[in-house]
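> structure for the following, please:
(2 chains)
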There are 2 protein chains.
Amino acid sequence: MPQKPSIPKGTRDFSPIEVAKRNYIINTIKKHFEVYGFQPIETPSFENSDTLMGKYGDEGDRLIFKILNSGDFISKVDDVTYSSKNSTSLTPKISEKALRYDLTVPFARYVVMHQNEIDFPFKRYQVQPVWRADRPQKGRFREFYQCDADVVGANSLLQEVEFVQLYDAVFTDLGLTGTTIKLNNRKVLSGIAEVIGAKHLLIDFTVALDKLDKIGEEKVKEEMKAKGISEQAVEKASPLFAMSGSAAEQLNRLKSLLETSEIGMQGVVELEEIVNTVEKIGLQSAKLQLDVTLARGLNYYTGAIFEVSAPEGVKMGSIGGGGRYDDLTSIFGLKGVSGVGISFGLDRTYLVLEELGLFPETLDKSIDVLCINFGKAESLACLKLVGQLRNQGIKAEVYPTATKMQKQMKYANNRNVPYVIMIGDQELSKREFVVKNMVNGEQQTYALDKYEAFVANLQSTK
Amino acid sequence: MPQKPSIPKGTRDFSPIEVAKRNYIINTIKKHFEVYGFQPIETPSFENSDTLMGKYGDEGDRLIFKILNSGDFISKVDDVTYSSKNSTSLTPKISEKALRYDLTVPFARYVVMHQNEIDFPFKRYQVQPVWRADRPQKGRFREFYQCDADVVGANSLLQEVEFVQLYDAVFTDLGLTGTTIKLNNRKVLSGIAEVIGAKHLLIDFTVALDKLDKIGEEKVKEEMKAKGISEQAVEKASPLFAMSGSAAEQLNRLKSLLETSEIGMQGVVELEEIVNTVEKIGLQSAKLQLDVTLARGLNYYTGAIFEVSAPEGVKMGSIGGGGRYDDLTSIFGLKGVSGVGISFGLDRTYLVLEELGLFPETLDKSIDVLCINFGKAESLACLKLVGQLRNQGIKAEVYPTATKMQKQMKYANNRNVPYVIMIGDQELSKREFVVKNMVNGEQQTYALDKYEAFVANLQSTK
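Numbering: from 1, shown residues only, chains lettered A, B, ... in the order given. Below you'll find the model as predicted:
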């Protein structure tokens, strides 16, 4: 009884058209990463466990996929640990490696290990899969790609400005106009917590504030109070829940709210600088918007915080996010290296492009030309012709067997082939080939040694 | 005390230039895969263990990386198994998934799972990493890429001919001329084992024969005898050890050796057909060579066997290999689907190109233009200019801070930047920018609104 094959939950096979669509997004992102001066690196799929463990909180540690040691791994476990039969204490004894959980911690590890070969500021990008043992659900997978660009070793706000431009460039190029790039600054959040007297509850405060979009003002206030933030403090923070108007108006309101907080005012100055510079340069199709409720889950941001939302009317969480983190590499012993980076959400961007019909139609077309196989002598002529077409970069193939014409034409239709070439015995004796346009049914005849005329026609219609 | 970071043995970080070189090879391979009509698929990094286990022999099973189940995995192990403290019996209880070991078994699994969506013959390619818990050594890694192209559902020898052409096309395009594509046929090997009366020892016979290049005729004969092949049989096989001359001469000798073996003669006919067709079409730079000693490790080949060796003078094992396997998908319940495929060895090809100095010099250049940062107003003008250059596909960046000129120029040198742009206060007031050619030191001045002139100059030198 043969196995009935399946794949692990939360993972996916990608068919040719899905790969083509994913690569269309990935290649667009990479192209812009490169014109912005970012350089690619790649890190191993698995890291030593101690590189990853403890970097993402307890929940993160649980979601990291661990790799079982090879060989007779169990013989190396001491009897005391073994007899406890406890997963937590057993794990580090039987597993020393783990699949990477994101690209940021491996990047920090890379920078520290290779610091002597790197010219700072180091602008790197990385597009690789990551793995999380999350409960799979719609749009959430156990294996998925992250597309990250980061700069380390540069404090200048020019970086933040460039990341705003970069988001705009990529989404505009993908035809996804009307995105909103939300901007906040962690220092502003710290300042607010300070002036309302909830400095020690900053994390709780920002986590609650971050949910404003989803659960509304009342529920956010309730959560803040439940976390121990006083009624009075929550009221003081009230202006935040109704921040609207232009960036300039919002900045003015923040200035008056935060005038007694040094860190808060620093955040306002940074926001102002970024907003003003972006305004002077201009964006192609995205809108930059201040959003003081933006906190994002990750708690390592220390300056700017970014998040991109899909155009209005598309129901989708954020399709990109990032921010500045001042001290990422210090966990591996390299202090004082500031970093700032952004990430593109591949899977969500894919869903948005699909929903809005923005994938180019040409992605559907896997080959340009199929040669019908009429027999041995004819197919040899086809092989020669196809070789010449391929040398011109044309995707072409010969049907492998001289089976019924109908079956071969069906294959051409299923694969959405635009041109079918026929060399039957008549054509062969006249040293000709017939090209059938599969869209309009028209046929045209060319001499075998004048195939360039067909190539020129084909390329002019591309 | 911070951690001193490291990576697991047998894995690698890839720096920007290494990624550029690897992508140069991968993109060349993919380009030709596509003009030959192959379509990309991707499969998950890990599969259910029962998809992989038992497919690669006992040694393969040992080398497969297993992933520890998540959560409290140990509580699900029954007491009897647990008290045995035996790695082999414990493994399937605490691990249900494993990292893929090659791309062929996942491909077979894919074809069976998606058979109703696939138009056969299905020409797929797949370029993804695989993992093996092998002992790391020079040129052998625990994580490495495979680059595979296969056709399933087509018996025609046209496929074999196309794979020979494909090898030739890729290696020629990479500048690696003078490769040898060795060709054999499993049926010929079976035929030989039959006529010398060692049919039941076919595997031992081919494994020994495969070593002829490495250990020489005498040692091969010794190994055959040690495996139980009679002295008489080994003597009968002697003509194989001295097969030289043209393909036609070799084929004639095989015909007389194999005339009593039906399967052997079938193999000779297939070899002849492939050799003759390739001869009629011609190859660009590779040489096709019959090699009856070629067996390759994998025992699932049933027809053609390919192996590519680097040009003479380069000491390197095979840089590609493949063959026909008649029944791969039957392990997952789909019978009668013939497959044939080839693989490119990325790491070895990389080493060969490096040794022969065949990587294009342009790969070293990560950006085209660096703008020197002279301060806030100047850098704003730079940002605008750089935005215009990027829109033309030019890789450009602004140095992030207005630090010392010398430091910025050093960065430009280290990154091998061909052009440096300077907008100081004088240039800014005159609405100009100065371009310094870093190779010859020449400087040229352009108006800011005539940047297209610079773009045209730059693109004409690319």
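
> surely A:G393 meets B:V35?
Yes: look at A:G393 against B:V35 with Cβ atoms under 8 Å: they come within range, at 6.3 Å. Backbone N, C-alpha and C define where each C-beta goes, glycine included.

> and the two? which has more neighbours close in?
B:V35 (23 against 12; other Cβ atoms under 10 Å in any protein chain shown).

> what sits against that one?
Counting by Cβ atoms under 8 Å, 6 or more residues apart in numbering or on different chains, B:V35 makes contact with A:R390, A:G393, A:I394, A:K395, A:A396.

> how about the secondary structure of the second one?
Look at A:G393: counting by DSSP: H, G, I helix; E, B strand; the rest coil, its state is coil.

> separation between A:V234 and A:A226?
11 Å (Cβ to Cβ, to the nearest Å).

> those two: which is more packed in?
A:V234 (20 against 10).

> helices and strands around the helix or strand harbouring that one, which ones?
A:V234 belongs to helix A:231-236 when assigned by DSSP states H and E. For helix A:231-236, the elements it packs on are helix A:212-226, judged by 3 or more Cβ pairs under 8 Å, 6 or more residues apart in numbering or on different chains; DSSP states H and E.

> dihedrals phi and psi, A:V105?
The phi and psi values for A:V105, taken as degrees, to the nearest 10, are phi -70, psi -50.

> the closest residue to it other than its chain neighbours is in what secondary structure piece?
Residue nearest to A:V105 in three dimensions, not counting chain neighbours: A:K55, with 4.9 Å by Cβ to Cβ, 6 or more residues apart in numbering or on different chains. Under DSSP H and E, no helix or strand contains A:K55.

> buried ones among the contacts of B:V35?
Among the contacts of B:V35, those buried by neighbour count (16 or more other Cβ atoms under 10 Å in any protein chain shown) are A:R390, A:I394, A:K395, A:A396.

> near chain B, which of those residues show up?
When contact is defined as Cβ under 8 Å from any Cβ of the partner chain, the buried ones among the contacts of B:V35 meet chain B at A:R390, A:I394, A:K395, A:A396.

> where do the helices sit along the stretch 1-150 of chain A?
For the stretch 1-150 of chain A, the helices defined by DSSP state H, counting those that start in this stretch cover A:16-35, A:49-52, A:57-63, A:79-84, A:87-94, A:104-113.

> which of those helices is buried the deepest?
helix A:104-113 (a mean of 23; mean count of other Cβ atoms under 10 Å in any protein chain shown).

> who's in contact with the residue nearest to A:V105?
With Cβ under 8 Å, 6+ apart, A:K55 has these contacts: A:Y101, A:V105, A:I331.

> would you mind listing what in the stretch 251-400 of chain A touches chain B?
A:277, A:280-281, A:330-333, A:366-367, A:373, A:379-380, A:383-384, A:387, A:390, A:393-398, A:400.

> among those, which are in helices?
Among those, the members falling in helices are A:T277, A:K280, A:I281, A:S379, A:L380, A:L383, A:K384, A:G387, A:R390 (criterion: DSSP state H).

> skipping adjacent residues, who's closest to the first one in space?
Right, the one you point to is A:T277. Using Cβ to Cβ, 6+ apart, the nearest residue to A:T277 is A:V161, at 4.8 Å.

> what element comes up after the helix or strand hosting the one you found heading to the C-terminus?
According to DSSP H and E, A:V161 maps onto helix A:158-173. Note on helix A:158-173: by DSSP H and E, the next helix or strand toward the C-terminus is strand A:180-185.

> helices or strands up against that following strand?
helix A:158-173, helix A:262-281, strand A:287-290, strand A:304-309.

> recalculate using a threshold of 10 Å.
Applying 3 or more Cβ pairs under 10 Å, 6 or more residues apart in numbering or on different chains; DSSP states H and E, one finds that strand A:180-185 contacts helix A:158-173, helix A:262-281, strand A:287-290, strand A:304-309, strand A:320-325.

> give the next helix or strand downstream of it.
Criterion used, DSSP H and E; the element after strand A:180-185 is helix A:186-195.

> what angle separates that following helix from helix A:262-281?
Interaxial angle, helix A:186-195 versus helix A:262-281 (axes from the mean of the first three to the mean of the last three Cα atoms, to 10 degrees): 150 degrees.

> now the angle from helix A:186-195 to strand A:180-185?
50 degrees.

> tell me the angle the helix or strand following helix A:186-195 makes with strand A:304-309.
Later in the chain than helix A:186-195, the nearest helix or strand by DSSP H and E is helix A:202-209. Following the same axes, to 10 degrees, one obtains 20 degrees for the angle between helix A:202-209 and strand A:304-309.

> please verify my assumption that A:A169 contacts A:L283.
Yes: if you go by Cβ atoms under 10 Å, A:A169 and A:L283 touch, sitting 9.0 Å apart.

> closest to chain B out of the contacts of A:K55?
A:I331 (6.4 Å; Cβ to the nearest Cβ).

> pLDDT score assigned to the closest residue to chain B within the stretch 201-350 of chain A?
Using Cβ to the nearest Cβ, A:G333 is the residue of the stretch 201-350 of chain A that sits closest to chain B, at 3.6 Å. Here, the pLDDT recorded for A:G333 equals 89.

> low-confidence ranges, chain A, go.
Applying pLDDT under 70 to chain A picks out residues A:1-3, A:297-299, A:462.

> neighbours of the residue nearest to A:T277, how many?
24.

> list the contacts of it.
The neighbours of A:V161, taking Cβ atoms under 10 Å, 6 or more residues apart in numbering or on different chains as the test, are A:273-278, A:280-281, A:288, A:304, B:379-380, B:383, B:398.

> ok so, going back, how far away is the residue nearest to A:V105 from B:K287?
From A:K55 over to B:K287 the distance is 53 Å, taken as Cβ to Cβ.

> and for A:Q443?
40 Å.

> neighbour count for the two, which is higher?
B:K287 (14 against 10).

> tell me, how many residues neighbour the nearest residue to that one once chain neighbours are set aside?
The shortest distance from B:K287 to any non-neighbouring residue, by Cβ to Cβ, 6+ apart, is to B:T180 (5.0 Å). Other residues near B:T180 come to 17 when the count uses other Cβ under 10 Å.

> for B:G175, find the nearest of the helices and strands packed on strand A:180-185.
helix A:158-173 (32.3 Å; Cβ to Cβ).

> wait, A:E235 touches A:K221, no?
Yes: using Cβ under 10 Å, A:E235 is in contact with A:K221, at 8.7 Å.

> higher neighbour count, these two?
Using other Cβ under 10 Å as the criterion, A:E235 and A:K221 rank with A:K221 on top: 19 against 11.

> right, and the more buried one touches A:S230 too?
No: the criterion here is Cβ under 10 Å, and A:K221 misses it with A:S230 at 11.5 Å.
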